[in-house]
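Engineer: Sequence plus the predicted model coming up.
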Amino acid sequence: MSLALDPRLRRELAERVRYYNELGIYDFYQREPLPAEQALAADAALSATLSTQSQSEVREEMSARKSAAVRTVAGENALEVLQPKPEHGVADPAAALKLIRDDLGDCTRCRLHEQGRKQIVFGVGNPHAELMFVGEGPGADEDAQGEPFVGRAGQLLNNMIKAMGIRREDVYIANVVKCRPPGNRTPERDECETCSPFLMRQIAAIKPKVVVALGAVSARNLLAINAPMSELRGRWYDFKPAGSDASWPGAHLAVTYHPAFLLRDPRQKGEAWKDLQMVMKYLGLEAPKKPAE
């Protein structure tokens, strides 16, 4: 099949790939190239097939399956799933992450690169981590230091990790977008859609047992579910980025409050601790014992 598709057909094909992802199908195989005449006929047949099923019908079929907490995620550019990435076949996650970072380069794919960022904030931590935290985007401190969660919210996240009985060095930390939005505003949808495929590749390279989405922006981008935090928290989601290693069963994903939100509303710290306790139970972690008084 020719990949030189018009934008409308490309969007429709991306919707169809996401539909198959909803069914748990994420491996696609390319047939041997067809002669030119047959290839043109195949393109025409595909276009006719997709045009007979409206976008609304596809979304209705997808919505009917959203009650299942299983998410195999494809980015907006779902056709890229068909094309092998540089890190595919690389067994060492540290080497795979380096290839992803090299592929990201001095990114100019969205407007954030021209809105005052100092540097790209890729991610930090143990490439072999069982636990991965995903935030929204870097702030001023992160933009200055090139590392996620190093400001006040980062100090609180460090305390949360320590309370779980592990160290920051034991986990991996990343964000949905790699560049600081101006004024620390919420990343816009197109910015998330442009940057999130690199996050998905990071997750696929690390293969964590658990991913914790910090805040609504992270949760909605990872799960492709537009729901309030009250509905997203307190449950597990099976999560596997599209195109991941078939031998990896995927991760469990939990949602909790972003540390920056907890700084604004400390009353919710108890609820966040419940979420982390759910993660600890699954990973077999025990909180450090308090010294006897």
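Structural biologist: Thanks, I have it. Quantities reported herein were computed from a predicted structural model and do not represent experimental measurements.

Engineer: what's stretch 86-94 in contact with?
Structural biologist: The contact list for stretch 86-94 (Cβ atoms under 8 Å, 6 or more residues apart in numbering) reads 95-97, 99-100, 102-103, 127-128, 201, 205-207, 243. Any C-beta I mention is one placed from the backbone N, CA and C, and that applies to glycine too.

Engineer: what is the mean pLDDT for that stretch?
Structural biologist: What stretch 86-94 shows for mean pLDDT is 94.

Engineer: returning to that earlier point: of the contacts of stretch 86-94, closest to residue 220?
Structural biologist: residue 201 (19.1 Å; Cβ to Cβ).

Engineer: Give me the nearest residue to that closest one, chain neighbours excluded.
Structural biologist: residue 100 (5.0 Å; Cβ to Cβ, 6 or more residues apart in numbering).

Engineer: List the residues that contact the one you found.
Structural biologist: Contacts of residue 100 by Cβ under 8 Å, 6+ apart are 85-87, 198, 201-202, 205.

Engineer: Now for residue 220, which secondary structure element holds it?
Structural biologist: Taking DSSP states H and E as the criterion, residue 220 maps to helix 216-223.

Engineer: coming back round to it: show me which of the contacts of residue 100 are buried.
Structural biologist: Applying 16 or more other Cβ atoms under 10 Å to the contacts of residue 100, the neighbour count classes 85, 87, 198, 201-202, 205 as buried.

Engineer: And the strands in the stretch 101-250 of the chain?
Structural biologist: 124-125, 131-135, 172-175, 210-214, 237-241 (DSSP state E, counting those that start in this stretch).

Engineer: out of everything not next to it in sequence, what's closest to residue 167?
Structural biologist: Counting by Cβ to Cβ, 6+ apart, the residue nearest residue 167 is residue 161, at 6.9 Å.

Engineer: follow-up on the earlier one: which element is the residue nearest to residue 201 on?
Structural biologist: Assigned by DSSP H and E, residue 100 falls in helix 93-104.

Engineer: just to revisit the earlier point, show me the contact partners of the helix holding residue 220.
Structural biologist: Here helix 216-223 has contacts from 71, 73, 134-137, 175-176, 186-187, 192, 196, 199, 211, 213, 225-229, 232, 237, 239, 253, 255, 258, using Cβ under 8 Å, 6+ apart.

Engineer: Check the average confidence over that helix, would you?
Structural biologist: 96.

Engineer: Next one: the closest residue to residue 184 other than its chain neighbours from residue 174, what distance?
Structural biologist: Among residues not flanking residue 184 along the chain, residue 139 sits closest, at 5.1 Å (Cβ to Cβ, 6+ apart). Noted for residue 139: a distance of 14 Å to residue 174, by Cβ to Cβ, to the nearest Å.

Engineer: same check, this time on residue 92
Structural biologist: From residue 92 across to residue 174, the span is 18 Å (Cβ to Cβ).

Engineer: Just the pLDDT for residue 258.
Structural biologist: 98.

Engineer: That one touches residue 215, doesn't it?
Structural biologist: Yes. Here residue 258 reaches residue 215: they are 3.1 Å apart, a contact under Cβ atoms under 8 Å.

Engineer: shared neighbours of these two, anything?
Structural biologist: Between them, residue 258 and residue 215 share the contacting residues 135-136, judged by Cβ under 8 Å, 6+ apart.

Engineer: My guess is residue 253 contacts residue 208. True?
Structural biologist: No. Checked against Cβ under 8 Å, the pair residue 253 and residue 208 is beyond contact range at 9.6 Å.

Engineer: and the helix holding residue 220 with strand 237-241, angle?
Structural biologist: Using axes from the mean of the first three to the mean of the last three Cα atoms, to 10 degrees, the inter-axis angle of helix 216-223 relative to strand 237-241 is 70 degrees.

Engineer: Please put the alpha-carbon coordinates of helix 216-223 into PDB.
Structural biologist: Output in PDB follows, covering the C-alpha atoms of helix 216-223 (Å, rounded to 0.1, in the frame of the first residue of the first chain):
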ATOM      1  CA  ALA A 216      -5.200  15.000  34.800                       C
ATOM      2  CA  VAL A 217      -3.100  16.100  31.800                       C
ATOM      3  CA  SER A 218      -0.800  13.100  32.100                       C
ATOM      4  CA  ALA A 219      -3.600  10.700  32.700                       C
ATOM      5  CA  ARG A 220      -5.700  11.900  29.700                       C
ATOM      6  CA  ASN A 221      -2.800  11.800  27.300                       C
ATOM      7  CA  LEU A 222      -1.700   8.300  28.400                       C
ATOM      8  CA  LEU A 223      -5.100   6.800  28.500                       C
END
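
Engineer: tell me the angle of that helix relative to strand 210-214?
Structural biologist: Using the same axes, to 10 degrees: helix 216-223 against strand 210-214 is 140 degrees.
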